[in-house]
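sequence first, then the predicted structure, then my questions.
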Amino acid sequence: MVLGSEGLDRGVGFLGLLWASETSIIGSGWLFGALGAAVIAGPSAIFGWVLGSVIILILALVHAELGGLFPVSGGTSRFPHYAFGSFAGATFGWASYLQAASVAPIEVLAAIQYLSVSHWARNFFHANAAAGGAGGTLHGVGYLAAGILLVMFIIINIVGVRFFARINNAITSWKVLVPVVTVCILLIGHFHSSNFHGFFTTDHAVKNILLGGESANPARDLPRAVILSILIGAILYILIEVAFVGGLAPNVLHANGGWLGFASPKTAQGTALLAAPFKVLVSIAGVSWLATVLQVDAVISPSGTGLMYETASARLSFGLSRNGFVPTVFERTSKQKVPVWGVIIATIVGALFLLPFPSWAKLVGIVTSASVFMYAGAPVALGALRKQKPDLARSYKLPWAGVMSPLAFMGAGWVILFSGWQTYSTLVVAILIGYALIAITYVFKLNPKAPPIDWRAAYWIIPWIIGMGLICYFSSFGPGGILGGGGVFKNVLDLGGTDPSNLGPNGSVFDPIVFSGLWSLVIYYLAVHLRLSEADVDKYVADVYPPPIAE
């Protein structure tokens, strides 16, 4: 059976899919994540990367089966739609779009922040309020530089997916090579085992393919690309953490009061390390040529990821429009079969995240750190579709799906819990905004394909959202007010994440990790029970597997 291309260009092969996924994994995370994790958990942050990698890998395996089963553009938002109907599709579709649209400006901000440690770019970015203006924001010419990068993303996307794939392969090859070289140099020539002293001194240590609809052979290539990209990324990030912890000069570590001391560094080197962790680390080690390479990589790696997610957000809005949730303008494609309006609107939305308000910057970080919310719809969709369409051909079939699917949903719940109350509550506000925007589309009939709302899915999605909110609120993870705790929201529900009722493990009638896992299992089996009928699934997937034409 030949699948329709939905009007998008099918010019991406296995390597293109693999590198497209990999470029979404290796962005500013490797440049900043190692220090951020070490500040929270010290050397034991390595276990956090291992745990996170296991959870993401299980989720990736779920997506591998679904991606091979339904090789559609914007699949992350559409799998729940096929299994549970329009309400589920709208919910996870909006979460997917919100996450993707916010990544491009985050990566642009990361690139400019790294550049700001250079003398010529010192006024591009203000790391703290003392430097003038709001802390953690762009400044002056930095806005122009950010605007230029975002416009470049538009141009590259509009040229077409084939050209993007060729460019992306080269960019991602560079992005993989630089951290590999950095890890090797630090492990071989600049490794200080003493930095791992007190390995357990802290209390806690804790992407998918969206171009599936453009793959030349999605049934074969998509599952392999998803799984392999996650494995490469997991191994690389774990080694990056080991190299960073072992590579920092011990005198700098001690001068700042150990790993936790970098939250408020006591030396100029410590402050610089917060702005550009790996560049400053290798400069301290005396590897000046690598510091220069990292300065270049600080532009290429985040820009490559930003470009990938700019593309992804346009295709997610394409999928949302095909499902009838947003105006039909998002389906319009250029002669190169690129959803032009989707790219342009995604860029405008991204530009809003660059506004010079700390609350905006925090909102971007919060939405991104909770991006696993959008992946949570896939495990329940797989559990339902195994019952709805058991005989549909699958290029990859997840082993032990009866165990792996609920485990994946539990893992997603744990990641949401660990991201904290402030993160989760802010994300819920953003989801409610999405519901309002989708309601406007329905009320003003902006999309003639808008389907009737399948409210059965709301019987498990709404309780899941509310239940996770209560668990996060009474946990000790991520304290602070909603919307990043910025401005007037600083004290709104700010007791959340502080174990306000003293019920936590030390007290202990309430263990949020256990409760989160149990709640996820309850919701998973409730969702599977509330799945659509097979006839309804056939109706929703008719654009992927068209019925045979009578002769």
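All right, it came through fine. Numbers count the residues shown, from 1 in each chain.

what about the stretch 1-150 of the chain, any weak spots by pLDDT?
For the stretch 1-150 of the chain, residues meeting the criterion pLDDT under 70 lie at 1-25, 27, 73-75, 77, 127-136.

how about 90 then?
Along the stretch 1-150 of the chain, segments meeting pLDDT under 90 span 1-57, 59-61, 63-78, 81, 89, 93-150.

got the buried residues for stretch 378-393?
By 16 or more other Cβ atoms under 10 Å, the buried positions in stretch 378-393 come out as A378, P379, V380, A381, L382, G383, A384, L385, R386, Q388, K389. Bear in mind the C-beta positions are built from the backbone N, C-alpha and C, glycine included.

tell me the first helix or strand C-terminal of the helix or strand of the chain with the lowest mean pLDDT.
Scoring the helices and strands of the chain by mean pLDDT, DSSP states H and E places helix 358-369 at the bottom, with a mean of 56. Going down the chain from helix 358-369, the next helix or strand is helix 372-375, by DSSP states H and E.

list the helices and strands the helix or strand just after that following helix packs on?
Next helix or strand after helix 372-375 toward the C-terminus (DSSP H and E): helix 377-388. Contact here means 3 or more Cβ pairs under 8 Å, 6 or more residues apart in numbering; DSSP states H and E; on that basis helix 377-388 packs against helix 45-69, helix 75-84, helix 86-115, helix 401-419, helix 512-529, helix 534-540.

helices and strands around the first one, which ones?
Helices and strands touching helix 45-69, by 3+ Cβ pairs under 8 Å, 6+ apart, are helix 28-41, helix 75-84, helix 218-247, helix 372-375, helix 377-388, helix 401-419.

mind doing that once more with 7 Å?
helix 28-41, helix 75-84, helix 218-247, helix 377-388, helix 401-419 (3 or more Cβ pairs under 7 Å, 6 or more residues apart in numbering; DSSP states H and E).

format those helices as TSV; extra columns: distance to L273.
Listed next are the helices and strands packed on helix 45-69 as TSV, based on distance: least, Cβ to Cβ, whole Å:
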stretch	distance to L273
helix 28-41	7
helix 75-84	35
helix 218-247	10
helix 377-388	37
helix 401-419	24
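
between those, which one is nearest to A312?
helix 75-84 (8.9 Å; Cβ to Cβ).

report the angle between that closest one and helix 377-388.
In terms of direction (axes from the mean of the first three to the mean of the last three Cα atoms, to 10 degrees), helix 75-84 departs from helix 377-388 by 40 degrees.

export only the CA atoms of helix 75-84, formatted as PDB.
Only the C-alpha atoms of helix 75-84 are listed here, as PDB (Å, rounded to 0.1, in the frame of the first residue of the first chain):
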ATOM      1  CA  GLY A  75       2.500  12.400  14.300                       C
ATOM      2  CA  THR A  76       3.000  13.100  18.000                       C
ATOM      3  CA  SER A  77      -0.200  15.100  18.000                       C
ATOM      4  CA  ARG A  78      -2.100  12.800  15.900                       C
ATOM      5  CA  PHE A  79      -1.600   9.300  17.400                       C
ATOM      6  CA  PRO A  80      -3.900  10.100  20.400                       C
ATOM      7  CA  HIS A  81      -6.400  11.600  18.000                       C
ATOM      8  CA  TYR A  82      -6.600   8.300  16.100                       C
ATOM      9  CA  ALA A  83      -7.100   6.300  19.300                       C
ATOM     10  CA  PHE A  84      -9.200   8.600  21.400                       C
END
